[in-house]
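**Q** I need the structure of the sequence given here:
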Amino acid sequence: MKIATFNVNSLRKRLPIVLEWLDHQKPDVLCLQETKVQDSEFPLLALAPSGYEITYRGMKSYNGVAILSRKKPEGVFYGFDDGGEPEDARLLRIVIDGIPIVNTYVPQGFEIDSPKYAYKLGWYERLRKYFEKHLSPEAPAIWCGDMNVAPRPMDVHSPDKHLNHVCYHVEARKAYEKTLAWGFQDVFVKLYPTRQQYTFWDYRAPSSLEANKGWRIDHILSTKPLADRCVRADVDVEPRRAKDPSDHTFLWAEFSI
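**A** Below you'll find the model as predicted:
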């Protein structure tokens, strides 16, 4: 099973990139974040030639998640179900071949002294409880998406300069690690523990890609039964070099199932 994740940063703008990547790479599942399209305007017809089943939940102008799968999901679940704000345009879970696949677009946080950052930290707390309620660390499960956290110093360029950045601040990293500790493993790190590889290069620095000044904030994680069966993982940088690209690119992992 080949699983991929991509923060598309506006699905309608990146449709050619998504369709070409699906045609060439042929993943079994592609999780998309930041689709930036409300459900009534979701480009189903444009995606139809791909042949993928499409599950989505979106909002106008921001947020939005979608999952494209070769097989029809056996179950589809939107958002949190803990009585708080559902955040169903940031959290989507489907079941394929009995395996839960969770797609998240974690809040970025804005600034560390803002309510949005506190909300981000609380979001991770809610997500861990969500895993406790719906999944088991002893059973196969996959969690992927834009986590808006670079977990290690090697996962961000010039880490000493970003200590107060909401995607590298110590509290954000602790919140992320605590959520992982529920029972998930980073399959890219498991396979390549010393490899520095980014998934995001900021638009605001025009030469960031050429200078490789990036961040690894997109992740694919799995519970141990699947982590032990992850045979390959990689980041495809070429779509970031395409015409009118997202600031992120595709990350994928393959499991021997």
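**Q** Regarding this structure, what is its longest helix?
**A** Ranked by residue count, the top helix of the chain under DSSP state H comes out as helix 115-134.
**Q** and that helix, C-alpha only, in PDB?
**A** Extracted C-alpha coordinates of helix 115-134, given in PDB (Å, rounded to 0.1, in the frame of the first residue of the first chain):
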ATOM      1  CA  PRO A 115      -4.600  32.600  21.300                       C
ATOM      2  CA  LYS A 116      -4.100  30.700  18.000                       C
ATOM      3  CA  TYR A 117      -0.900  29.200  19.300                       C
ATOM      4  CA  ALA A 118      -2.600  28.100  22.500                       C
ATOM      5  CA  TYR A 119      -5.400  26.600  20.300                       C
ATOM      6  CA  LYS A 120      -2.800  24.700  18.300                       C
ATOM      7  CA  LEU A 121      -1.400  23.100  21.500                       C
ATOM      8  CA  GLY A 122      -4.900  22.200  22.600                       C
ATOM      9  CA  TRP A 123      -5.600  20.800  19.200                       C
ATOM     10  CA  TYR A 124      -2.800  18.200  19.700                       C
ATOM     11  CA  GLU A 125      -4.300  17.300  23.100                       C
ATOM     12  CA  ARG A 126      -7.700  16.700  21.500                       C
ATOM     13  CA  LEU A 127      -6.100  14.700  18.800                       C
ATOM     14  CA  ARG A 128      -4.300  12.400  21.200                       C
ATOM     15  CA  LYS A 129      -7.700  11.800  23.000                       C
ATOM     16  CA  TYR A 130      -9.200  11.200  19.600                       C
ATOM     17  CA  PHE A 131      -6.700   8.400  18.900                       C
ATOM     18  CA  GLU A 132      -7.300   6.900  22.300                       C
ATOM     19  CA  LYS A 133     -11.000   6.800  21.600                       C
ATOM     20  CA  HIS A 134     -11.000   5.500  18.000                       C
END
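**Q** From the contact counts, what lies against it?
**A** strand 91-96, strand 99-105, helix 170-180 (3 or more CB pairs under 8 Å, 6 or more residues apart in numbering; DSSP states H and E). C-beta here means a position set from N, CA and C on the backbone, and glycine is covered the same way.
**Q** Please enumerate the strands of the stretch 151-257 of the chain.
**A** Per DSSP state E, counting those that start in this stretch, the stretch 151-257 of the chain has strands spanning 185-186, 218-222, 230-236, 250-255. These are given in chain order.
**Q** Direction included, what does the second one pair up with?
**A** What that stands for is strand 218-222. According to DSSP bridges, strand 218-222 forms sheet pairs with strand 142-146 (antiparallel), strand 185-186 (antiparallel).
**Q** go on, the longest one?
**A** In its sheet, strand 230-236 lies beside strand 250-255 (antiparallel), with partners assigned from DSSP bridges.
**Q** tell me the angle of the partner strand relative to strand 99-105?
**A** Per axes from the mean of the first three to the mean of the last three CA atoms, to 10 degrees, the angle that strand 250-255 makes with strand 99-105 is 160 degrees.
**Q** then strand 250-255 to PDB, C-alphas only?
**A** Taking C-alpha atoms only, strand 250-255 is exported to PDB below (Å, rounded to 0.1, in the frame of the first residue of the first chain):
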ATOM      1  CA  PHE A 250       4.500  15.300  -1.900                       C
ATOM      2  CA  LEU A 251       5.700  12.800   0.800                       C
ATOM      3  CA  TRP A 252       4.900   9.200   0.300                       C
ATOM      4  CA  ALA A 253       5.500   5.800   2.100                       C
ATOM      5  CA  GLU A 254       5.000   2.300   1.000                       C
ATOM      6  CA  PHE A 255       3.900  -0.600   3.200                       C
END
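**Q** so where's the protein uncertain?
**A** Applying pLDDT under 70 to the chain picks out no residues at all.
**Q** show me where it has helices.
**A** Under DSSP H, the chain gives helices at 11-25, 44-47, 115-134, 170-180, 187-191, 224-227.
**Q** Please identify the deepest-packed of the ones you listed.
**A** Among the helices of the chain, the stretch with the highest mean neighbour count (mean count of other CB atoms under 10 Å) is helix 187-191, at a mean of 20.
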